[in-house]
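# Provided below for reference: sequence and predicted model.
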Amino acid sequence: MSTLAEAQVGQFERDGYLLLEGALPADILKVLNDEFEAWVEESRSHSEPYGLTFDGRPRFDLEPGHSAERPGLRRISSPTELSDSYLSVMRSSIAVDATAELIGPNLEFSHSKANSKQPGAGTEVKFHQDILFEAHTNDDMLAILYFLDEVTLDNGPLEVVPGSHRGPLYEHWHDGVFTGVVGSEVVEMARAEAVPCIGPAGSACLMHGRLLHGSGPNLSDSARTLFISAYRSEDCYPLETSHVPSEHEGELVRGVRTNRVRCTPLEMAFSEVPTGASFFGQQAQEAS
């Protein structure tokens, strides 16, 4: 039985993203939020990024200005390694079923992270394309962004450029530096054409790996937290080290192993794995 209607599949193919409301049941949503709040409380006792992923980089990334009084926990790398609840959602939800319909049927897990903008957080995600951070043999790659909070126009929603997944891959290197950002002329176009992805807590946005996207700062007094779980077709092989390493990378979540690799014409520069907790440091190198 299909999870998606034919019109939804068509919308994803046309626009490169699809919003599913009610992707997380209320009881599961509460558990994910409770666990994230516990991580926020833990962050109050730290003054710099902390914890370790298995490649030795910090797992918990803190926004500049973070303090015990005003915590700014902005990213947790691979929360599936810390929480059985996050791991369970990565493996099983209607959004995962939908992802298998869109880029499967054989589907592998790639990586996960929790991105948060605490009330008043100034962090923005500058326009980029995910595949430029993770070269693969083809572009059947998709990220599920679960809304752990209601996402509004004021709290820094994801902004996407519809149809850009069918367009060019833009350079993310500038003057010999990997900034993880498209050039200024592309940013101007993106700002003119981008649309916000908003919706109630428990929704999920399915986003193609080539889609041009970003997000602004949180201008509200409420948090905006996303659990992001990324997947690839089983015959889509990584060509470089993951920026968000996970012990679960490559786990088959739907379908079967084919022992085949599919290569499609793609041309891009290899990215640069960040040395810090996340790509926010790389984007900070880009001139405003």
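Noted; the coordinates are in hand. Residues are numbered from 1 along each chain as shown.
# So which residues of the protein form helices?
6-15, 26-43, 84-91, 94-103, 184-193, 280-283 (DSSP state H).
# of all those, which lies closest to Val261?
Minimum separation from Val261 across the helices of the chain (Cβ to Cβ) falls at helix 94-103, 15.2 Å. Where you see a C-beta, it was placed from the backbone N, CA and C, and this is true even at glycine.
# roughly how far out does that closest one sit from the chain middle?
16 Å (Cα atoms, centre = their mean, to the nearest Å).
# where's Ser110 relative to Phe227, distance?
14 Å (Cβ to Cβ, to the nearest Å).
# my bad, Phe147
From Phe147 to Phe227 the distance is 9 Å (Cβ to Cβ).
# Asn33 now?
From Asn33 to Phe227 the distance is 10 Å (Cβ to Cβ).
# hey, what's in contact with both of those two?
Residues touching both Asn33 and Phe227 (Cβ atoms under 8 Å, 6 or more residues apart in numbering) are Leu148.
# Which of these two has more residues huddled nearby?
Phe227 (28 against 17; other Cβ atoms under 10 Å).
# Give the bridge partners for that one, please.
Assessed by DSSP bridges, Phe227 has beta-bridge partners Ala114, Tyr146.
# Could you shift the numbering so residue one becomes 27, and keep it that way?
Okay, using 27 as the starting number, the last item reads as Phe253.
# any idea how far it is from Arg40?
Distance from Phe253 to Arg40, by Cβ to Cβ: 26 Å.
# do Pro51 as well
From Pro51 over to Arg40 (counting by Cβ to Cβ), the distance is 29 Å.
# likewise Thr301?
Taken as Cβ to Cβ, the span from Thr301 to Arg40 is 38 Å.
# more crowded one of those two?
Arg40 (13 against 9).
# Count the residues that sit near the closest residue to that one other than its chain neighbours.
Distances taken as Cβ to Cβ, 6 or more residues apart in numbering put Gly189 closest to Arg40, at 6.7 Å, once the chain neighbours are dropped. If you count neighbours by other Cβ under 10 Å, Gly189 ends up with 15.
# Tell me who's in contact with Gly189.
Going by Cβ under 8 Å, 6+ apart, the list of residues near Gly189 reads 40-42.
# how much space between it and Pro131?
Going from Gly189 to Pro131 by Cβ to Cβ gives 25 Å.
# Check Pro145 too.
For Pro145, the distance to Pro131 equals 41 Å [Cβ to Cβ].
# now Gly235
18 Å.
# repeat for Ser255
18 Å.
# repeat for Ala218
37 Å.
# who has more neighbours, the two?
For Ala218 versus Pro131, the count of surrounding residues by other Cβ under 10 Å is larger for Pro131: 11 against 8.
# That one is in contact with Arg280, isn't it?
Yes - between Pro131 and Arg280 there is a contact at 6.4 Å, judged by Cβ atoms under 8 Å.
# burial count for Leu99?
For Leu99, using other Cβ under 10 Å, the count is 25.
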